[in-house]
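K.L.:
the following block contains a protein sequence and its predicted model.
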Amino acid sequence: MLLEQSQANLAYKKCRPNFFIYIMNVCKPIKILYAISSLANEGPTRVLLNVVRNLDRSQFDPTVVTFTAEKSSSLLAEFQSISVPIIQLMDTIQAKPTGTLHRARAFRHLMLTGHFQIAHAHCPRSLFFLVAATPRSVKLAYTVHGYPDTQFKVIHGAIKGPIITAGSNLALRLIDQPIACADSVAAEYLEKKGLTFPAVNNGIEPMSLAHCGDRNTALECLGLDPSKRHLLFVGRLSAEKRIQELVRSFAALNMPQIDLVVVGNGPDEAMLRTIPNKHIHLMGFHSDIRPFLAGCDYYISPSATEGLANSLLEAMSVGMPSLLSDIPSHRSVIQICDRFVAQTFDPTSPESLIAGVKTLLEQDTEFVRAGIRENFQTLFHAQIMTRGYEAIYREMIA
């Protein structure tokens, strides 16, 4: 009897450390490495910032890695303010040539020594690095920020764009979990590529306009006429945004009570400045668009392709009615909202633009604006987005 008890005690002592190790591992936060080219002030970076800002740090331990030098418009300071470790590979290899091979080696070393459980890419470059250099023990995720075909052709050119598109589509089949940034993006991949993966709709923090003053004050500070109604475009001035088509259609209108305010820069800016019209205001790039949200009356997006634009969500967060091109992303937002948020239109048609503006004028009530803010809070708040990502992370390591 004593021998049996002694053997049982010995077996318990052997098992006990393993049991405690198991409990400790279960209780440890999940280590996640977020990978992105740089922290430039662009849509994917702002999505990542909002995810990391709202992560439950008791359950998730985030780190961010970047691959290229930061630009003047970097959101680096914003990431540093939320106490997340940031590894800039360009800084770690300053004494060596900074080519792709050296960055791949530095990234591989990081993955081998960082004890990460999940690596999550947010752009094609970081996706390619993850697929090429991540150990099999690490689960791979990638947020698809839009169907890449048209967008990549415009950004990377007619030759390089399709190559990056093909590479991205191949890489999606090699990772553990692609994640669409919007329901419409997931639906488009299912229709065109037969790929099925979950969607987590983009989300943002509500825009606070407290420091901007009232509408008239904001407009006067921007040099705009408070007696007019103002349509606001925010984004890259390039072909996929169809900003040229919008400006030409707007220039053909006879609606002197409406002005178009264009915020952004890009390759189409020089051409747009050749279209003289006192009702069109090219404001250039602004890192802070809150004064424009405080002063302008309506948001407008003529895009040919979108994932789920942060600028649209920013407009919704302050209750701004919108005029949107008839594309899957915009239709999806309109469909899932239970009250009026936007009217669709054809950016190439002045008649369609006039009809859309008239609809906004008719729908513009405080009840409508309150409904838009409510739909934003329940559907597109950053905390809702982050909870969606957290659920997927848990499933990935279960």
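P.N.:
Structure received. Remember, it's a predicted structure, so these values are computed and weren't measured experimentally.
K.L.:
what segments of the stretch 1-150 of the chain are strands?
P.N.:
30-36, 60-66, 86-88, 118-121, 139-144 (DSSP state E, counting those that start in this stretch).
K.L.:
packing partners of the third one?
P.N.:
Taking 3 or more CB pairs under 8 Å, 6 or more residues apart in numbering; DSSP states H and E as the contact definition, the neighbouring helices and strands of strand 86-88 are strand 60-66, helix 76-80. C-beta: built from backbone N, CA, C; applies to glycine.
K.L.:
pairing partners for that strand, with directions?
P.N.:
Counting by DSSP bridges, the strands paired with strand 86-88 are strand 60-66 (parallel).
K.L.:
hey, which of the helices and strands packed on strand 86-88 is tucked in deepest?
P.N.:
Among the helices and strands packed on strand 86-88, strand 60-66 has the highest mean neighbour count (mean count of other CB atoms under 10 Å), at a mean of 22.
K.L.:
show me how far that strand is from its chain's centre.
P.N.:
17 Å (CA atoms, centre = their mean, to the nearest Å).
K.L.:
same check, this time on stretch 315-327
P.N.:
16 Å.
K.L.:
start to end distance for it?
P.N.:
18 Å (CA to CA, to the nearest Å).
K.L.:
can you check stretch 138-148 too?
P.N.:
Start-to-end, stretch 138-148 (CA to CA) is 26 Å.
K.L.:
tell me the mean pLDDT over it?
P.N.:
Mean per-residue pLDDT for stretch 138-148: 92.
K.L.:
same check on stretch 321-329?
P.N.:
96.
K.L.:
try stretch 73-85
P.N.:
Regarding stretch 73-85, the rounded mean pLDDT is 95.
K.L.:
same check, this time on stretch 252-263
P.N.:
Stretch 252-263 comes out at a mean pLDDT of 94.
K.L.:
how about the helices and strands packed on strand 86-88, which one is nearest L174?
P.N.:
Checking the helices and strands packed on strand 86-88 against L174 by CB to CB gives strand 60-66 as the closest, at 19.4 Å.
K.L.:
okay, the angle between that closest one and strand 30-36?
P.N.:
20 degrees (axes from the mean of the first three to the mean of the last three CA atoms, to 10 degrees).
K.L.:
how much space separates T66 from Q244?
P.N.:
Using CB to CB, to the nearest Å, T66 is found at 33 Å from Q244.
K.L.:
one step back: mind putting the strands of the stretch 1-150 of the chain in a markdown table, distance to E42 included?
P.N.:
A markdown table is the format used below for those (distance: least, CB to CB, whole Å):
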| stretch | distance to E42 |
| --- | --- |
| strand 30-36 | 10 |
| strand 60-66 | 13 |
| strand 86-88 | 17 |
| strand 118-121 | 15 |
| strand 139-144 | 13 |
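K.L.:
just those strands: most buried one?
P.N.:
Mean neighbour counts for the strands of the stretch 1-150 of the chain (mean count of other CB under 10 Å) peak at strand 118-121, with a mean of 27.
K.L.:
which residues touch it?
P.N.:
Residues outside strand 118-121 that contact it (CB atoms under 8 Å, 6 or more residues apart in numbering) are 30-36, 111, 127, 129-130, 134, 138-143, 393, 396-397.
K.L.:
what's around N265, how many residues?
P.N.:
16 (other CB atoms under 10 Å).
K.L.:
right, I'll leave it there.
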